[in-house]
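Asker: The amino acid sequence is not available; the structure is as follows:
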DNA sequence: ATATTGTGTAAAGAATACTTTACATCAAAA
DNA sequence: TTTTGATGTAAAGTATTCTTTACACAATAT
């Protein structure tokens, strides 16, 4: 796959929208806290399923939480 | 993770929008044809990255290509 | 002072996405 | 009728996502 970057604003959403901890978000979407940490920190990007679940928690579209951009030089 | 279903209308989009083969779509998004087959047939759902790439080909939002719904009984 | 809460990191293993190779079927073209 | 192109399936291997366990640190509360 062509190199790209998927960033997200989960951290901001957690604070601004519902004042929610990583653990609470993890529970709401059904994964472990470490998974949330890894995604927030950009270690890897989630599965589509998890992306949907996270977006739903904040009542947003996937695109409003995750930003896809191709990497060009 | 709570059971859910992710469906998609890639097949329709291929036919209606650009008259595109599985192989062409695969090349455009940088995966093998088998991956497209598996996703169209619902064998598994793509990574978020691939979902973005497919949506981009059709100039659509992720939500316009993939539909997430929780399974309730 | 020490317990608790929220966050970060790391490493081994399980689960899922994706590749590679190969072969089968059907429809349409030569 | 033979060939070609589009699609479907399957199995073994690689890569990535996610879990589990464990520990560390800083800020706040007791």
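Answerer: All right, it came through fine. Since the model is a prediction, treat every value here as computed from it, not as a measurement.

Asker: From residue A:19, how far off is the residue nearest to residue A:61 when sequence neighbours are not counted?
Answerer: In space, and not counting its chain neighbours, residue A:61 is closest to residue B:63: 5.7 Å by Cβ to Cβ, 6 or more residues apart in numbering or on different chains. Bear in mind the C-beta positions are built from the backbone N, C-alpha and C, glycine included. As judged by Cβ to Cβ, to the nearest Å, residue B:63 and residue A:19 stand 26 Å apart.

Asker: Could you look up the SS state of the residue nearest to residue A:61?
Answerer: Of the three states, residue B:63 takes helix according to DSSP: H, G, I helix; E, B strand; the rest coil.

Asker: ok, it - contacts?
Answerer: By Cβ atoms under 8 Å, 6 or more residues apart in numbering or on different chains, the residues touching residue B:63 are A:61, A:62, A:63.

Asker: any idea which of these is closest to DNA strand D?
Answerer: Taking Cβ to the nearest atom of the strand as the measure, DNA strand D sits nearest to residue A:62 out of the contacts of residue B:63, at 13.2 Å.

Asker: pretty sure the closest one contacts residue A:53?
Answerer: No. Using Cβ atoms under 8 Å, residue A:62 is not in contact with residue A:53; the gap is 10.2 Å.

Asker: what's the overlap in contacts for these two?
Answerer: Counting by Cβ under 8 Å, 6+ apart, residue A:62 and residue A:53 have no common neighbour.
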